[in-house]
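Asker: the sequence and its predicted three-dimensional model are supplied below.
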Amino acid sequence: MKLSLTTILPAALLLAGFATAQGQTSADSAAIRATALDYIEGWYNNDAARMERALHPRLVKRMVWVDSTGKSQLVDMTAAELVEGTRRHRTVPPAERRKDVQILSAFGNAAVVRIDASEWVDYLQVVKWNGRWKIINVVWENRPAGAWTVRR
C-alpha cells in the first residue's frame with residue numbers, strides 16, 4: 001500500500017491536535033498546584049475554608065495500617081471529616097512545615113499529585129470538576145517518627 005503526503009499529513013495533524021487537546025496547559029498545571037497547596041497549607045493554618053475549596057464533596061482519604069495482629073486495616077476519612085479536622089487540630093508552626101508538591105501525571109481532566117508533608121506523604125487524585133480542579137481521592141502514609149526533615 002502506497003501512502004501519499006496528502007494522506008499522511010491530515011492524519012498526522014489530526015493526531016497532533018488530539019495529543020495537544022489532552023495535554024495540560026500551563027494554566028491547568030498552575031491550578032492543580034494551587035489546589036494541592038490549598039489542601040496542605042489549609043491544613044497547616046487551620047483554614048477549613050481553604051481546605052474545603054480544594055476538596056470534591058465526595059472525597060475519600062485513606063491510609064492502610066497494620067493492627068496488632070498483623071492484619072491490614074483501612075482508615076477512611078470523608079471530605080467533611082477532613083474539613084472539621086482542619087478546623088480543630090493544632091496550627092503547625094512555620095518551622096515545622098513541609099509542602100513539596102509534584103504533579104506526577106496529568107491527562108485531560110485528571111491528575112495525580114504527590115505532596116511531601118512534614119509527617120506524611122499524600123498521593124492526590126485530582127479532577128477538573130465544573131471548571132475547577134478538586135481533590136477526589138487521597139492515599140497517604142505516615143513517615144516513621146523522627147524520619148522527616150523540613151526542606152527550605
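Answerer: All right, it came through fine.
Asker: residues making contact with stretch 84-91?
Answerer: Contact with stretch 84-91 is made by 42-48, 51, 77, as judged by Cβ atoms under 8 Å, 6 or more residues apart in numbering. All C-beta spots, glycine's among them, are computed from the backbone N, C-alpha and C.
Asker: got phi/psi on Tyr39?
Answerer: Main-chain torsions, Tyr39, degrees, to the nearest 10: phi -60, psi -60.
Asker: burial measure for the nearest residue to it once chain neighbours are set aside, as a count.
Answerer: Setting aside the residues directly before and after it, Tyr39 is nearest to Ala54 in space (Cβ to Cβ, 6 or more residues apart in numbering), at 4.2 Å. Counted with other Cβ atoms under 10 Å, residues neighbouring Ala54 total 26.
Asker: still on that earlier bit, what is the most widely separated pair among the contacts of stretch 84-91?
Answerer: Largest separation among the contacts of stretch 84-91 by Cβ to Cβ: Asn45 and Met77, giving 18.9 Å.
Asker: give me the below-cutoff pLDDT ranges for the chain.
Answerer: 1-23, 146-152 (pLDDT under 70).
Asker: tell me the centre residue of it?
Answerer: Per Cα atoms, centre = their mean, the C-alpha nearest to the average position across the chain is that of Leu124, at 2.9 Å.
Asker: in the sheet, who's paired with it?
Answerer: Beta-bridge partners for Leu124, by DSSP bridges, are Val113, Val138.
Asker: contact partners for it?
Answerer: 36, 39, 112-115, 135, 137-138.
Asker: drop anything exposed from the residues you listed.
Answerer: Buried by 16 or more other Cβ atoms under 10 Å: 36, 39, 112-113, 115, 135, 137-138, out of the contacts of Leu124.
Asker: and of the residues you listed, the nearest to Ile103?
Answerer: For these, the nearest to Ile103 is Val113 (5.4 Å; Cβ to Cβ).
Asker: correct me if wrong: that closest one contacts Trp133.
Answerer: No. The criterion here is Cβ atoms under 8 Å, and Val113 misses it with Trp133 at 9.5 Å.
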